[in-house]
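Chemist: predicted model follows, preceded by the sequence.
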Amino acid sequence: MNLPDSGTAQPDIHHGGSASAPKPSVAKHVVQADVNHFFSAPLYKKDKNRVARLAPAQSQSINTLRAPTCANPHSPRDGWELAMALLRLEYALTHPYPRSKLFTTITFVLIALVLPVLVIVNIITVGHELVPSLRPDFQQNDTVPSWWVTTPLAPILRRKAPLCQPKDFGRGDTFRLSPSLFEYKVLSSWRTDTNITSGDEGRVEYRGGSFNQCYVYSIRFDLDIIESTQTLTVAIVCPVSPVVAFLETRIVFAIEVSKDIVGQYYGYGIDVIGLVGEESWDYRRIVFAMMDVISTDSLSILDRNRVDWLSLSTRAAVNEENPVFSTTNIMAKNGTGYMTGNNTMGEAEVYRATITNLMRVVQHAVQLDLSNPGSDNIFTNSSAINSTFSANPPPAGIDPNTWVDKNSFRYGWVTAPHSTFAGMLRAG
């Protein structure tokens, strides 16, 4: 039986015997199978001319030979072709990168040149990161010695100091100043100090400017008989740049140390005045000592056993030689109340000197905290005590020995012949 001639010699097969014909070699089967595989792949179906260029001799036998593939996928030839394809950075289904190996070569050359430089720069600059330095005091526009200038590091490689990020300053913020006596709340802040309009209010940048132009202009005194506390709300204005704002701070005095500013400053169990030596000029010892004794006068004189009120609230302008009380509200124990104005205090008139003394000591303490004490501040000028405080003797009909019948946290009791701590301060 003869098979149809397809362009390739076929052996004749007869009954009772067989003709010996040369069998195609394994290598030939492999080549023809590979060509058939490449022709059926999507890449080469799109470009049959490329197939013809790659294997023109095998293209004729593609239609006649369907031999099984016996190729070794791990042959040296296939491994070499895979390595070359990786070096060409060739996509399997598209085409090589432009300029073939040039891209890869340039990449490796650049890495070889740049990487050692980066390593050297990293080694040289290690340990030269600028970090903030905490100092016990603050001086505006002060500089710190540049310790890094002595290193052999080239100036071009030195790290530059980062720009300081300005502090936001606006309504609702709370902060403490460097003396750290009181906590302030921002009521409003303004972007200009001339021809102020409502549109000028907003958050402003604070760059470390001093508050020494700020001053106390009003204080409100609130007496709570039930809680046995006296609260002074201090209003502060900063009229000129760099800080244009209205601030507020509250100071509470009480018989119980946990409610009083002395206990609130460091904690109930710490003696604030005893933290420093008796001979020390630490301003906190002087400030808390003054507030301790003057508040003892006020807490004793405005005691629940002496006044017939539930509460008393009065506000005064203190940036005058004598405080001017603009409004006074009194709530009696029976629930009735009334308000007075025009520097009159009604039933509280007898306690004007007591309230004024407490307002003055707080005013001077806040001014000191703002770095604007003035020449007549009692904490920087002891001779101003007599002109600042009233001796505050008891009115007629009240025993001088019971006018102040409470002891201070630090200094005990009032000693005769004085009837108040204010009188003792005036006497030296």
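Modeler: Looks like it came in fine.
Chemist: what residue ranges in the stretch 251-400 of the chain score low on pLDDT?
Modeler: 270-281 (pLDDT under 70).
Chemist: for it, what spans make up the helices?
Modeler: Listed in chain order, the helices found in the stretch 251-400 of the chain under DSSP state H, counting those that start in this stretch are 261-266, 283-301, 352-369, 385-388, 400-403.
Chemist: mind putting the ones you listed into JSON lines with distance to F175?
Modeler: Heads up, the C-betas are built off the backbone N, CA and C, glycines and all. Written out in JSON lines, the entries for those read as follows (distance: least, Cβ to Cβ, whole Å):
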{"stretch": "helix 261-266", "distance to F175": "16"}
{"stretch": "helix 283-301", "distance to F175": "18"}
{"stretch": "helix 352-369", "distance to F175": "12"}
{"stretch": "helix 385-388", "distance to F175": "28"}
{"stretch": "helix 400-403", "distance to F175": "39"}
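Chemist: and N342, which of the ones you listed is closest to it?
Modeler: In terms of Cβ to Cβ, the element of these nearest to N342 is helix 352-369, at 13.9 Å.
Chemist: which strands or helices does the closest one pack on?
Modeler: Here helix 352-369 is seen to pack against strand 215-224, strand 229-238, strand 245-254, helix 283-301, strand 309-317 when contacts are counted using 3 or more Cβ pairs under 8 Å, 6 or more residues apart in numbering; DSSP states H and E.
Chemist: now tabulate the helices of the stretch 251-400 of the chain in CSV and tack on distance to T231 and mean neighbour count.
Modeler: Rendered in CSV, the data for these read as follows (distance: least, Cβ to Cβ, whole Å; neighbours: other Cβ atoms under 10 Å):
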stretch, distance to T231, mean neighbour count
helix 261-266, 10, 18
helix 283-301, 11, 22
helix 352-369, 11, 23
helix 385-388, 21, 15
helix 400-403, 23, 15
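Chemist: quick one on the thing from earlier: wait, which of the helices and strands packed on helix 352-369 is closest to L118?
Modeler: For those, distance to L118 was read as Cβ to Cβ. The smallest value, 48.8 Å, belongs to strand 245-254.
Chemist: what pairs with the closest one, parallel or antiparallel?
Modeler: Here strand 245-254 has these sheet partners by DSSP bridges: strand 183-189 (antiparallel), strand 229-238 (antiparallel).
Chemist: between those strands, which one is nearest to I355?
Modeler: If you check each of the strands paired with strand 245-254 against I355 by Cβ to Cβ, strand 229-238 wins as the nearest, at 8.9 Å.
Chemist: who does S313 bridge with?
Modeler: S313 forms beta bridges with D222, N329, as assigned by DSSP bridges.
Chemist: what's the burial count for G341?
Modeler: Neighbourhood size, G341 [other Cβ atoms under 10 Å]: 13.
Chemist: scratch that, V414
Modeler: By the other Cβ under 10 Å criterion, the neighbourhood of V414 contains 25 residues.
Chemist: what's the spacing between it and R306?
Modeler: V414 sits at a distance of 16 Å from R306 (criterion: Cβ to Cβ, to the nearest Å).
Chemist: same check, this time on V362
Modeler: Counting by Cβ to Cβ, the gap from V362 to R306 is 22 Å.
Chemist: circling back: want to throw the strands paired with strand 245-254 into TSV with mean pLDDT, mean neighbour count and distance to R285?
Modeler: Output for those, formatted as TSV (pLDDT from 0 to 100; neighbours: other Cβ atoms under 10 Å; distance: least, Cβ to Cβ, whole Å):
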stretch	mean pLDDT	mean neighbour count	distance to R285
strand 183-189	93	17	20
strand 229-238	96	20	21
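Chemist: could I get the ones you listed in CSV, plus columns for distance to Y283?
Modeler: Compiled in CSV, these are given as follows (distance: least, Cβ to Cβ, whole Å):
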stretch, distance to Y283
strand 183-189, 17
strand 229-238, 18
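Chemist: out of these, which is closest to V293?
Modeler: Across those, the minimum distance to V293, taken as Cβ to Cβ, is reached by strand 229-238, at 14.2 Å.
Chemist: what's in contact with that closest one?
Modeler: By Cβ atoms under 8 Å, 6 or more residues apart in numbering, the surrounding residues in contact with strand 229-238 are 182, 184, 211, 213-224, 244-254, 259, 295, 298-299, 302, 358-359, 362-363, 366, 370.
Chemist: now that strand against helix 283-301, angle please.
Modeler: Compare the direction of strand 229-238 with that of helix 283-301 by axes from the mean of the first three to the mean of the last three Cα atoms, to 10 degrees and you get 130 degrees.
Chemist: first-to-last residue distance for stretch 304-320?
Modeler: One end of stretch 304-320 sits 31 Å from the other (Cα to Cα, to the nearest Å).
Chemist: could you shift the numbering so residue one becomes 848, and keep it that way?
Modeler: Okay, using 848 as the starting number, the last item reads as stretch 1151-1167.
Chemist: what's in contact with that stretch?
Modeler: In this structure, residues lying in contact with stretch 1151-1167 by Cβ under 8 Å, 6+ apart are 1062-1073, 1075, 1149, 1170-1180, 1192, 1194-1195, 1202-1203, 1206-1207, 1210.
Chemist: and these, which are buried?
Modeler: The neighbour-count test (16 or more other Cβ atoms under 10 Å) applied to those identifies 1062-1072, 1075, 1149, 1170, 1172, 1174-1178, 1192, 1195, 1202-1203, 1206-1207, 1210 as buried.
Chemist: next secondary structure after the longest helix anywhere in the chain?
Modeler: The single longest helix within the chain, with elements called by DSSP state H, is helix 948-972. Remark: after helix 948-972, the chain's next helix or strand is strand 1014-1016, criterion DSSP states H and E.
Chemist: what lines up beside that next one in the sheet?
Modeler: Counting by DSSP bridges, strand 1014-1016 is paired with strand 1051-1053 (antiparallel).
Chemist: in the partner strand, what's buried?
Modeler: Of the residues in strand 1051-1053, 1051, 1053 count as buried by neighbour count, 16+ other Cβ under 10 Å.
Chemist: stretch 1239-1259 now?
Modeler: Burial within stretch 1239-1259, assessed by neighbour count using 16+ other Cβ under 10 Å, is assigned to 1239, 1241, 1250-1251, 1255-1257.
Chemist: just to revisit the earlier point, and Y1053, which of the helices and strands packed on helix 1199-1216 is closest to it?
Modeler: Across the helices and strands packed on helix 1199-1216, the minimum distance to Y1053, taken as Cβ to Cβ, is reached by strand 1092-1101, at 9.4 Å.
Chemist: that closest one vs strand 1062-1071, what angle?
Modeler: With the same axes, to 10 degrees as the criterion, the two stretches strand 1092-1101 and strand 1062-1071 enclose an angle of 40 degrees.
Chemist: hmm, who's touching strand 1092-1101?
Modeler: For strand 1092-1101, using Cβ under 8 Å, 6+ apart, the contacting residues are 1016, 1029-1037, 1061, 1074-1085, 1106-1108, 1111, 1138, 1142, 1145-1146, 1205, 1209, 1213.
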